[in-house]
Every structure is written in structure tokens, then in C-alpha cells.
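Undergrad: With the input below, show me the fold.
(one chain, ligands or ions: 2)
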Amino acid sequence: MIGLFGGTFDPFHRAHRALPESAMQNLGLDQVIVMPVGRAPHKDRRTSFATYRFEMAQLGSADLGGVCVCDDEIRSPGVDYTFNTVMHLKKKLCPKKLFILAGSDVLVSIDSWYRVADLLKEVTLAIAVRGDGDTALLRSKASQTQQRYGGKVVFFEMPRMEVSATGLRASLLAGEKTEGMCPEAVQAFIGQYRLYDFALDFDMLSDDEWQDLLDLEEIIWPYLSQKRRLHSVSVAQYAARLARLNGLDVWAATAGGLLHDCAKGLPADTQRKLASLYLAECSCAESASRFCDDINLVHGPASAYVAKKEANVIQGELLNAIACHSTAKPNMTALEQIIFLADKIAYDRTFDRLVDIRAAAETGRLAVAMKRCLEEVFLALRRDEITPHPLSIAAYEEYAHL
Ligand SMILES: [Fe+2]
Ligand SMILES: [Fe+2]
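TA: Ligands and ions are numbered 1, 2, ... in the order given. Model prediction:
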């Protein structure tokens, strides 16, 4: 018997953890599948990047036996309806019995669910009772639902908890203390990546632009490991901040951050081939061999190629910013500098001079930040006895006097 627990998990808080834990214990399930939604049908607000929501669900439920987090809805294009997910899981896992696990609020909203009558023929709806609910009211709603759709509704107990994702986001945005509201690992993750600290930056974007960025994230999802996705989204956030503070296009900077490493997980030969194709299309055939010799650098132009062909990015400057993020180059535009810098100094990075470089980049001194950042890159290369790429040296010469 399997339980499906879907949600936005923005953020994944302690009630999100307690619900599948209680369901495992009280319903005798073999497994609970936690399913972060890709695109929710009824959301009237902007959800955070799926990468972060998926990571929080994993961190928050990692030590719960029998519970796993699945990215099938994130991977599937378009709006995700529970009915489609249920049919997909039934085909994939052939469970004896499938439960939909949910909070009691679902009994109020279920009439508006997509193909609800068909859905309830396929599953048992298992409602968590938090010990403080109006049980009589819940039972009457449950029997209404059963009469209307012929489905089965059962209840299970879970501990009472005063926590909601909406309230938590508001507290995090306001910089208030939220200790104890999320599982510890989630709390630490939110702190390190500063998940909810970028509202000012992303407020510069329209809803359509935000959706466009979530679509880009969905396109690159299969290309990257979760570790690389986390890095890419972190770079995207920080690039957005640098773009706002430097008066540049926030959408382009965020997109550049998301896409900058999208080819890095491909086999070396494929990266070399894609990089050559990109550089040939830019009439940079001469640089192609220089790039393609170095597997650590070739993913820059290779990612630009994937961004162009798979994500349909057409802006030349944005593609070039992706292409040159691994080396830098002379005469970089501000957007190119921002993508290069955000890759090295986003919140997923830790090194000594970081604060110093961030301070320069955030106060309009991009060239100074570039100089210091390239110095750090050269230092790291020297430690590994690697000679810097000629484009990096040429770039540095422009900033050396600063
Ligand atoms: Fe990179
Ligand atoms: Fe990167």
C-alpha cells in the first residue's frame, strides 16, 4: 500500500514531515511518496524554484523510513493534476492500494479538483486529523464527498502543530525568527541559500517573466544533477540581485544563472562537440580548439549551445555571458561580468575574500569585483598547478590597474 503526499512545500515545514510519518504509522503503509508539485493548478502566487522545494522535501524527510521524494511532477511539462499523477503512479508501481494523503482543508477544496470523480474511483482519500479539528464537521464533509463521488475517505491522527507555509514565508520575508518551524536540516538550508531573501530582486519581474524562468528550470532539470541544480539556482538568485543593484535586466541575469552550467553534466565528447558548434556559429572557430582542449572550461560554450537550441534563448549577449562564464574574456559587458561573478560568489560558495568581492559587485564596482575574483581563480588554479586560460589572463590585464 502506497501513500501519495503532494504539495508545494514552499517551505517544507514540520507538519509536512509529521503528516507522512503519521500516515506510515497509522495506515500501515509500505511507502509514502512525497511529490513536490511542478506547476500547481490553483496557485495564485509565485512558487519558489522547484530545485529548492525538492531539496527541502528531501532534507526534511531524509531520515523517515519508507518515505521517498519523487520529482515526476516537476519533470512533467505543464500543469500537474493529481488525477494524472495517480494514473502515472499506478502504471509505474502497480500498488495494491493507493492513498492520497492530505490535510483536512482538502475536504473543502476537493470539489474544484480536476476529474475529482474519476480520481476518487482510483484512490482512498486519507485525511490527517490534527487533534484540534472539528471532527463532526470533518466527518460530515467526508460523507458528503463519499456520497457525491462514490469514493472512500478515511482519517488518521497526526500531532497538532501551529505552522503554515504562508505564515512561515511571511516571517522569513520579515526576517523574523522561525526556529523550530521546519525540520533542522531545512532550516539550515534556507539560511545558507537565503531562499526567501530575494523578494526585492524578483519583484522587478512580471508574473509572465517569473513563469518563463520556472519553465527554463524545467527544461534544464534532466540535464543536471541535484547538486548542480542547487548551484545553478543559487547563481540565478545572486545574479538577479547583482542585476537589480547595477540597473541591469533582472530576467536576463536570472536566466543566465539558471542556464550557465546546463551542459556540464553531459559526457566530455558531447560537451566538446556542442562547444565547437556554438563557437562556429559565432564565427569564433579560432577559439574553439583553445576551449575544447580543457574539459573544465568547455562547458561554458557548450551550455550556451544548449541554452540556444533547447531553451530557445535568442539574446546574443545572454548566450555570450553563458559561454564566457568559465574563462572570462576581454571587453566583457556588465551582464557577462554579472554571470561570471555570480557563479563564483553566490551563497553556495565559501572562501575568504568572498565578502570583499560581493561588497564591490553590489555597489556598482563590477570591474573591481572582476579583478579580485580573477585573482582568486588564479590562486585556486595555482594550487592545482593549472595554467590559467589565455582568455582569463587577457581579461585580467584589463582590470589589473584597478
Ligand atoms: Fe561553470
Ligand atoms: Fe557554475
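
Undergrad: now Ser171, nearest residue through space, not along the chain?
TA: Thr178 (5.1 Å; C-beta to C-beta, 6 or more residues apart in numbering). Any C-beta I mention is one placed from the backbone N, CA and C, and that applies to glycine too.

Undergrad: Can you give the distance from stretch 41-60 to the centre of its chain?
TA: Put simply, stretch 41-60 sits 7 Å off its chain's centre (C-alpha atoms, centre = their mean, to the nearest Å).

Undergrad: before we move on, back to that, state the distance from the residue nearest to Ser171 to ligand 1.
TA: According to C-beta to the ion, to the nearest Å, Thr178 and ligand 1 sit 33 Å apart.

Undergrad: all strands of this structure, in order?
TA: 2-7, 31-36, 67-69, 98-103, 124-129, 152-157 (DSSP state E).

Undergrad: who's in contact with the first one?
TA: Outside strand 2-7, the residues that touch it by C-beta atoms under 8 Å, 6 or more residues apart in numbering are 16, 19-20, 23-24, 27, 29-37, 73, 82, 85-86, 89, 93, 95, 97-102, 123, 126.

Undergrad: Over to the second one?
TA: Outside strand 31-36, the residues that touch it by C-beta under 8 Å, 6+ apart are 2-9, 16, 20, 23-24, 50, 53-54, 57, 61, 64, 66-74, 85, 89, 101.

Undergrad: now swap in the last one and tell me
TA: Strand 152-157 is touched from outside by 22-23, 26-27, 99, 107, 120, 124-129, 131, 138-139, 142-143, 145-146, with contacts defined as C-beta under 8 Å, 6+ apart.

Undergrad: cool, the fourth one as well?
TA: Counting by C-beta under 8 Å, 6+ apart, strand 98-103 makes contact with 1-6, 15, 19-20, 23, 27, 29, 32, 82, 86, 89-90, 119, 122-128, 130, 154, all of which sit outside it.

Undergrad: from those residues, which would you call buried?
TA: Among the contacts of strand 98-103, those buried by neighbour count (16 or more other C-beta atoms under 10 Å) are 2-6, 15, 19-20, 23, 27, 29, 32, 82, 86, 89, 119, 122-128, 130.

Undergrad: just the helices in the stretch 51-200 of the chain please.
TA: Assigned by DSSP state H, counting those that start in this stretch, the stretch 51-200 of the chain shows helices spanning 72-75, 82-93, 106-109, 116-122, 135-149, 165-173, 184-193, 199-202.

Undergrad: In space, what's closest to Asn331 - neighbours in sequence excluded?
TA: Nearest to Asn331 is Glu398, by C-beta to C-beta, 6+ apart, at 7.6 Å.

Undergrad: Next, whichever residue of the stretch 301-402 of the chain sits closest to ligand 1: phi, psi?
TA: Distances between the stretch 301-402 of the chain and ligand 1 by C-beta to the ion are smallest at Ser326, namely 5.0 Å. Ser326 adopts backbone torsions of phi -80, psi -20, taken as degrees, to the nearest 10.

Undergrad: so who does it touch?
TA: 296-300.

Undergrad: do Leu214 as well
TA: Per C-beta under 8 Å, 6+ apart, neighbours of Leu214: 39, 47, 49-50.

Undergrad: Go through those residues and name the one nearest ligand 2.
TA: Using C-beta to the ion, those come closest to ligand 2 at Phe49, 15.6 Å.

Undergrad: List the residues that contact that closest one.
TA: Taking C-beta under 8 Å, 6+ apart, one finds 214, 217, 233, 236 in contact with Phe49.

Undergrad: switch the cut-off to 10 Å
TA: Counting by C-beta atoms under 10 Å, 6 or more residues apart in numbering, Phe49 makes contact with 10, 55, 195, 213-214, 217, 229-230, 232-234, 236-237, 254, 258.

Undergrad: circling back to that earlier point, nearest to ligand 2, out of the helices of the stretch 51-200 of the chain?
TA: Short answer: helix 184-193, nearest of these by C-beta to the ion, at 14.7 Å.

Undergrad: buried sites along the closest one?
TA: Buried residues in helix 184-193 (16+ other C-beta under 10 Å): 185-187, 189-190, 193.

Undergrad: Now render these as a markdown table, adding pLDDT.
TA: Below are these laid out as a markdown table (pLDDT from 0 to 100):
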| residue | pLDDT |
| --- | --- |
| Ala185 | 97 |
| Val186 | 97 |
| Gln187 | 96 |
| Phe189 | 97 |
| Ile190 | 96 |
| Tyr193 | 95 |
